[in-house]
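Enquirer: here is my input, please return the structure:
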Amino acid sequence: MAKINAAPAPSQAAAEPTPIKKKSKLPIIVGMVFLLLAAGGGAAWHLLHSSSDPGDKGAAEANSGGKPTFVNLDTFTVNLAEESGDHYLQVGIVYQVADDKVSDSMKLHMPILRNRLLLLLSAKQPSELASAEGKKKLVDELVVAARESMPGSTPDKGVITALLASFVIQ
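Expert: Sure thing, here's the model as predicted:
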């Protein structure tokens, strides 16, 4: 009589591939999203807590309540002064002001401010705005334009600083 083996031969078992478990990419994607959010939050905190003037006591301390007050302007899109072809600037501007009274006054005088800003921005050349120094100079000019647009007897008129929320030259 012949012997019958109930177990498969070792060569047959080794020939069958074992299924490979696919690893999910979800943890990697979630980790990357978390890192991007953390980096964005850190950048926002840095922008809100840094001051362009080292002698300034800080933007948050300028308010009587300690909470910063911001005035968001609609995005500006302007033709830049001709340098070598047509160039456009799209910029989002946010002003930090001393309090809600200044914010209300700025909103009341918004047509004057927008006119000054459009004239200021459209007179710029792309090469002036390309460097970090050019952007810092622009921020200073934005603050001056806002202060000149506001009524009041104090030199700063309650306008603390300007922030660039977005900036694209095309």
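Enquirer: now for the closest residue to Asp156 other than its chain neighbours: which residues touch it?
Expert: Distances taken as C-beta to C-beta, 6 or more residues apart in numbering place Arg147 nearest to Asp156, at 6.2 Å, with adjacent residues excluded. All C-beta spots, glycine's among them, are computed from the backbone N, C-alpha and C. Counting by C-beta atoms under 8 Å, 6 or more residues apart in numbering, Arg147 makes contact with Pro155, Asp156, Lys157, Val159.
Enquirer: which of the residues you listed are buried?
Expert: Buried subset of the contacts of Arg147 (neighbour count, 16 or more other C-beta atoms under 10 Å): Asp156, Lys157, Val159.
Enquirer: out of those, who's nearest Pro126?
Expert: In terms of C-beta to C-beta, no member of the buried ones among the contacts of Arg147 lies closer to Pro126 than Val159, at 26.8 Å.
Enquirer: quick one: the residue nearest to Asp156 from Val139, how far?
Expert: 13 Å (C-beta to C-beta, to the nearest Å).
Enquirer: quick revisit: helix or strand: which one has the residue nearest to Asp156?
Expert: Using DSSP states H and E, Arg147 falls within helix 132-149.
Enquirer: buried residues in that helix?
Expert: Leu138, Val139, Glu141, Leu142, Val143, Ala145, Ala146, Arg147, Ser149.
Enquirer: closest to Thr75 among these?
Expert: Distance to Thr75, by C-beta to C-beta, is smallest for Leu142 among the buried residues of helix 132-149, at 13.9 Å.
Enquirer: so what's that closest one up against?
Expert: Ile93, Tyr95, Leu117, Leu120, Ala162.
Enquirer: ok, Gly158 next?
Expert: Val97, Ala98, Asp99, Lys101, Val102, Ser105, Met150, Gly152.
Enquirer: where does it fall, phi/psi-wise?
Expert: The phi/psi pair for Gly158 (degrees, to the nearest 10) reads phi 90, psi 0.
Enquirer: cool, and Val168?
Expert: Torsion angles, degrees, to the nearest 10, at Val168: phi -140, psi 130.
Enquirer: so which of the contacts of Arg147 are in strands?
Expert: Val159 (DSSP state E).
Enquirer: tabulate the buried ones among the contacts of Arg147 (CSV), appending distance to Thr69 and pLDDT.
Expert: Output for the buried ones among the contacts of Arg147, formatted as CSV (distance: C-beta to C-beta, whole Å; pLDDT from 0 to 100):
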residue, distance to Thr69, pLDDT
Asp156, 14, 89
Lys157, 14, 91
Val159, 11, 94
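Enquirer: noted, bye for now.
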